[in-house]
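[1] The following block contains a protein sequence and its predicted model.
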Amino acid sequence: MLLTMTTTHKPATDLGYLLHKNPANLNTVTVAFGVVHIFYPVATEDCCTAALLLDIDPVELVRRPSTHGQSFTLDQYVNDRPYAATSFLSVAINTAFGTALAGRCNARPQLVDREIPLLVKLPVLPCRGGEPILRRLFEPLGYELSILPNLVDDRFPDWGDSRYFTVELSRTCTVREFLTHLYVLIPVLDNDKHYWIGDSEVDKLIRFGEGWLATHPDKELITRRYLKHQKSLTTIALERLTDETEDDIAEQEEDALPNNQEVANINLNDARLTWAQNQLSQCHAKTVIDMGCGEGKLLQRLVKDPNYEKITGCDVSIRALEKARSRLRLDRLPASQQSRITLIQTALTYYDKRLTGYDAAALIEVVEHLDPSRLSMFERAVFGFAAPRTVIVSTPNADYNTLYPTLPAGQFRHHDHRFEWARAAFQAWGLRVAEEFGYAVEFEGIGPCDDVYGTPTQGAIFTRSA
Ligand code: SAH
């Protein structure tokens, strides 16, 4: 695994001072999983390149206590970890260039804050989400990128591109800043980490994220992935990143979706909201409740329509509700508007009187977040107890997942999905619920329709019979 950093700052050999590694020597440091060599293929006044070569000992990797349990699995032995830029490389950067990361340069302290032209090359960088995610993470920080997908096998070009890229990042900045961004973002791109994530990892993220993460447009994605999708840690970290900007992650499910899917995905999110809006308007609802409203994107559209007298959003997540509050600018609305809108924290698996009495309810991409064992309680709470005249439901169509080229078979689009229904399963569920609770039901597709697999999202409109 290789990383090179080049500068043309003059004298370029200042890079040796900044990295605390003498260009004349081969420097070797040991890490738990192998050795790191730092050497300089070029070191002149005009150009200096430092190379970090991480030589992972694959046998040592297998011997180390694993979070996957002790049993033998083939992927312990056959995997990309020795070759690809992953969290192992981050640890190597921290070990080899710890002094530079800490912003110290004993020999030339005046150099630490000097912004110099830097080019970093990573020949095998895995990136979950592909080029769009790479750009989204680095471009807001001022990097220029050159991105080339690596073939699966040079000898068989027909096999197409792999999930690895050759990436060049260039920017004029301090060495410390560059290394900090690499340290945090390499494992974020890979969407995995080889070590256990605990509370101290939040501290580390806050420390390394100082001055850039709080204002990064994708700070939530970065935080979530950096903390290996551990919800409680992510919530704590995001709360600590107080300098919050209105973030607008296009789609909660984006990081599960593959290369070049991003744009389609944003459009799909839009299509879903438009579908919901149309359905609610067609049923002439005056009072609506968005159940599992998340960050309030549907609510934001509904408030613009004066036909709605009462609009409520509910969600189990306080954080989501806070975001909805700020998205809707609730605190700044005139009193007459404020009285139309209510946000409630509740779980849809309980009888909650506050959810009763509405003309219509929307459940957009919510049902698949419920544990299957809680589904029957959810049905009773929503269709039996709250019992709005109209209930609209949207959920992923699992049949369509085959068309996402990098979503492995059997995997869900989002890590928090507890299941994803194929069309037949969703319709069977809808018909049974309609029958049991006295509703009529119709099904619709949402998004571009494939002849075989249907649409990416499926919808149902339940109308109470009496
Ligand atoms: N409807 C929104 C958000 C979808 S994400 C949109 O389309 O953008 C799913 C949402 O359901 C999350 O905000 C999650 O907090 C919420 N949720 C999951 N389980 C829930 C439950 N049992 N009760 C209420 N909300 C729940």
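    Received the coordinates, thanks. Numbers count the residues shown, from 1 in each chain.

[2] Distance of the closest residue to the ligand within the stretch 101-250 of the chain relative to residue 461?
    Here the stretch 101-250 of the chain gets closest to the ligand at one residue, residue 231, 9.8 Å apart by C-beta to the nearest ligand atom. Yep, even glycine has a C-beta here, placed from its N, CA and C like the rest. Shown here: residue 231 relative to residue 461, a distance of 32 Å by C-beta to C-beta, to the nearest Å.

[3] Which one's more surrounded, those two?
    Set side by side, residue 231 and residue 461 show more neighbours around residue 461, with 20 against 13, by other C-beta atoms under 10 Å.

[4] In space, what's closest to the more buried one - neighbours in sequence excluded?
    In space, and not counting its chain neighbours, residue 461 is closest to residue 442: 4.9 Å by C-beta to C-beta, 6 or more residues apart in numbering.

[5] What is the neighbour count of the one you found?
    Close neighbours of residue 442, defined as other C-beta under 10 Å, add up to 12.

[6] tell me the SS of it?
    Following DSSP: H, G, I helix; E, B strand; the rest coil, residue 442 is assigned to strand.

[7] Which residue ranges of the stretch 1-150 of the chain form helices?
    Using DSSP state H, counting those that start in this stretch, the helices of the stretch 1-150 of the chain run over 14-18, 58-63, 74-77, 87-96, 98-101, 130-138.

[8] Could you export these as CSV, including distance to the ligand, mean neighbour count and mean pLDDT?
    Converted to CSV, these look like this (distance: least, C-beta to the nearest ligand atom, whole Å; neighbours: other C-beta atoms under 10 Å; pLDDT from 0 to 100):
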stretch, distance to the ligand, mean neighbour count, mean pLDDT
helix 14-18, 45, 23, 95
helix 58-63, 36, 13, 70
helix 74-77, 31, 10, 66
helix 87-96, 28, 22, 91
helix 98-101, 36, 18, 93
helix 130-138, 19, 19, 91
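
[9] can you list these in CSV and add distance to residue 360?
    Formatted as CSV, those follow (distance: least, C-beta to C-beta, whole Å):
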stretch, distance to residue 360
helix 14-18, 62
helix 58-63, 54
helix 74-77, 48
helix 87-96, 46
helix 98-101, 54
helix 130-138, 35
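
[10] and residue 335, which of these is closest to it?
    helix 130-138 (38.9 Å; C-beta to C-beta).

[11] Can you tell me which helices and strands the closest one packs against?
    strand 144-151, strand 161-173, helix 175-190, helix 262-282 (3 or more C-beta pairs under 8 Å, 6 or more residues apart in numbering; DSSP states H and E).

[12] Tell me where the model's unsure across the chain.
    By pLDDT under 70, the low-scoring segments of the chain are 61-78, 242-264, 266.

[13] Tell me who's in contact with the closest residue to the ligand within the stretch 151-300 of the chain.
    For the stretch 151-300 of the chain, the residue closest to the ligand is residue 294, as judged by C-beta to the nearest ligand atom, at 2.7 Å. The contact partners of residue 294, by C-beta atoms under 8 Å, 6 or more residues apart in numbering, come to 252, 315, 317, 320, 323, 324.

[14] Which of these fall in strands?
    Residues of the contacts of residue 294 located in strands (DSSP state E): residue 315.

[15] what domains does the record give for the protein?
    Domain assignment of the chain by automatic domain parsing yields the ranges 2-196, 246-464.

[16] And the shortest one, end to end?
    End-to-end distance for domain 2-196: 24 Å, by C-alpha to C-alpha, to the nearest Å.

[17] so which of the helices and strands packed on helix 130-138 gets nearest residue 13?
    Residue 13 lies closest to helix 175-190 among the helices and strands packed on helix 130-138, at 13.2 Å (C-beta to C-beta).

[18] re earlier: format the domains of the chain as a markdown table; extra columns: distance to residue 224.
    A markdown table is the format used below for the domains of the chain (distance: least, C-beta to C-beta, whole Å):
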| stretch | distance to residue 224 |
| --- | --- |
| domain 2-196 | 9 |
| domain 246-464 | 7 |
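
[19] what does the chain put close to the ligand?
    Within the chain, the positions near the ligand by C-beta under 6 Å from any ligand atom are 252, 292-294, 297, 315-317, 320, 347-349, 364-366, 369-370.

[20] Out of those, which sit inside helices?
    297, 320 (DSSP state H).

[21] which of the residues of the chain next to the ligand count as buried?
    By neighbour count, with 16 or more other C-beta atoms under 10 Å, the residues of the chain next to the ligand hold 252, 292-294, 297, 315-317, 320, 348-349, 364-366, 369-370 as buried.

[22] mind listing the strands for the stretch 201-350 of the chain?
    Remark: strands assigned in the stretch 201-350 of the chain by DSSP state E, counting those that start in this stretch are 287-291, 310-315, 341-345.

[23] What pairs with the second one, parallel or antiparallel?
    For strand 310-315, sheet partners with direction are given as strand 287-291 (parallel), strand 341-345 (parallel), following DSSP bridges.

[24] List the contacts of the last one.
    Right, strand 341-345. So strand 341-345 is contacted by 293, 296, 299, 303, 310-318, 321, 324-325, 328, 330, 333, 352, 354-355 (C-beta under 8 Å, 6+ apart).

[25] Spell out for me the ChimeraX command that would select the buried members of those.
    Restricted to buried positions by 16+ other C-beta under 10 Å, the ChimeraX selection for the contacts of strand 341-345 reads:
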select :293,296,299,303,310,311,312,313,314,315,316,317,321,324,325,328,330,352,355
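
[26] contacting residues for the residue nearest to residue 445 when sequence neighbours are not counted?
    Excluding the flanking residues, the one nearest residue 445 by C-beta to C-beta, 6+ apart is residue 455, at 3.3 Å. By C-beta under 8 Å, 6+ apart, the contact list for residue 455 reads 397, 400, 445, 446, 447, 448, 449.

[27] and the two most separated of the residues you listed?
    The distance between the two most remote of the contacts of residue 455 (C-beta to C-beta) is 11.7 Å, for 397 and 448.
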